[in-house]
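Engineer: Got a sequence here, can you model it:
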Amino acid sequence: MPEPYDPLKPGDREAIAPTGQGGAMDLAIEEAESLEKGPGTGGPAAPNEKARSLWSDAWHQLRRNPVFIVSSLLILFLVVIAIWPQLIASGDPLQCDLSKSQQGSAPGHPFGYDTQGCDVYTRTVYGARASITVGICATVGAALLGSLLGGLAGFFGGWWDALLSRIADIFFGIPVVLGGLVFLSVVTSTTVWPVVGFIVLLGWPQIARIARGSVITAKQNDYVQAARALGAGNGRMLLRHVAPNAVAPVIVVATIALGTYIALEATLSFLGVGLRPPTVSWGIDISNAASQIRNAPHMLLYPAGALSLTVLAFIMLGDAVRDALDPKLR
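Structural biologist: Numbering: from 1, shown residues only. Coordinates of the predicted model:
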């Protein structure tokens, strides 16, 4: 006569494991043993192991992205030569010799000379300062102003949201190049700040719209509602709970826009309303070389190549940051 089945008898392939909720659950012995071990470690699980945050996870992804590494190194190089152009260019960008006008490459002058007899290599190196300064300052200004206005509109809503949205729509309707021709044509300053101010003036609505939508999404999360139920004020909720979780899209858009702002500065300088001499700018050099492209193509090739490489580096950086901060794109 067969022996009765005993679920607790050693050697049987099943065991009863408590569920912690007053019942029991049949588990295979192998499964019961695997619950007592950490995944892939063969030892006890580490209950105190902290999960990576959004920013640490994004940094983990960026460090392994070759696009981010290459673009970051290129941008770092551009920033260094913008601050210390003397490291790789010993000449004076404003020192010219008309007797060497439009001459090609020569020893010590690998890029040749422009129409005025100025060293193209030295002017290309020094031109990075104006373009990088305009791009960074305009991006920071537009990001701060747009994030502040858009974040407040999205958080409080009501008439403030409606008013800001209509004002942003007005700025969206202004053509950028035409607005620059009108606004900057009456400015006589030769510094970069009028161009920076104009770009901020037309650039903040895009950042504001992104910040508004991100804040509206973040304030509907459960942790924000819990903080409100516990009596947290608007300022604490906005700064401690909403803003840190809504800033990622703004960073992505601002990083990509930086390259666009550099190209916009060069366009306005090419049209004669952006930066003006004696400021050294890639846009000014491209404008001076446009009429001599057949006789001296080297005058156009090098500043235009430096401009394209800079814009491409910032766009690549923005794409890498977007891929790291958006879980849907991984």
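
Engineer: show me what contacts the nearest residue to residue 165 once chain neighbours are set aside?
Structural biologist: Among residues not flanking residue 165 along the chain, residue 153 sits closest, at 7.1 Å (CB to CB, 6 or more residues apart in numbering). In short, each C-beta sits where N, CA and C put it, glycine included. Residue 153 makes contact with 160-161, 164-165, 208, 212, according to CB atoms under 8 Å, 6 or more residues apart in numbering.

Engineer: Recalculate using a threshold of 7 Å.
Structural biologist: 160-161, 164, 212 (CB atoms under 7 Å, 6 or more residues apart in numbering).

Engineer: Now tabulate these in TSV and tack on secondary structure.
Structural biologist: TSV is the format used below for the contacts of residue 153 (DSSP: H, G, I helix; E, B strand; the rest coil):
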residue	secondary structure
160	helix
161	helix
164	helix
212	helix
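
Engineer: how about TSV for those residues, with pLDDT and neighbour count added?
Structural biologist: Below are the contacts of residue 153 laid out as TSV (pLDDT from 0 to 100; neighbours: other CB atoms under 10 Å):
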residue	pLDDT	neighbour count
160	86	14
161	87	17
164	88	19
212	91	25
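
Engineer: Touching, residue 313 and residue 71? I think so.
Structural biologist: Yes. Using CB atoms under 7 Å, residue 313 is in contact with residue 71, at 4.8 Å.

Engineer: re earlier: mind checking which helix or strand the residue nearest to residue 165 is in?
Structural biologist: Secondary-structure assignment from DSSP states H and E places residue 153 in helix 120-156.

Engineer: Just the buried positions in that helix, please.
Structural biologist: By 16 or more other CB atoms under 10 Å, the buried positions in helix 120-156 come out as 120-139, 141-143, 145-147, 149-155.

Engineer: same check, this time on stretch 319-327
Structural biologist: For stretch 319-327, by 16+ other CB under 10 Å, it's 319-325.

Engineer: List the ones among these that fall in helices.
Structural biologist: Counted as lying in helices by DSSP state H, out of those, are 319-325.

Engineer: Turn these into JSON lines, columns for distance to residue 80 and pLDDT.
Structural biologist: Listed next are those as JSON lines, based on distance: CB to CB, whole Å; pLDDT from 0 to 100:
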{"residue": "319", "distance to residue 80": "23", "pLDDT": "88"}
{"residue": "320", "distance to residue 80": "20", "pLDDT": "88"}
{"residue": "321", "distance to residue 80": "21", "pLDDT": "88"}
{"residue": "322", "distance to residue 80": "25", "pLDDT": "85"}
{"residue": "323", "distance to residue 80": "26", "pLDDT": "83"}
{"residue": "324", "distance to residue 80": "24", "pLDDT": "84"}
{"residue": "325", "distance to residue 80": "26", "pLDDT": "79"}
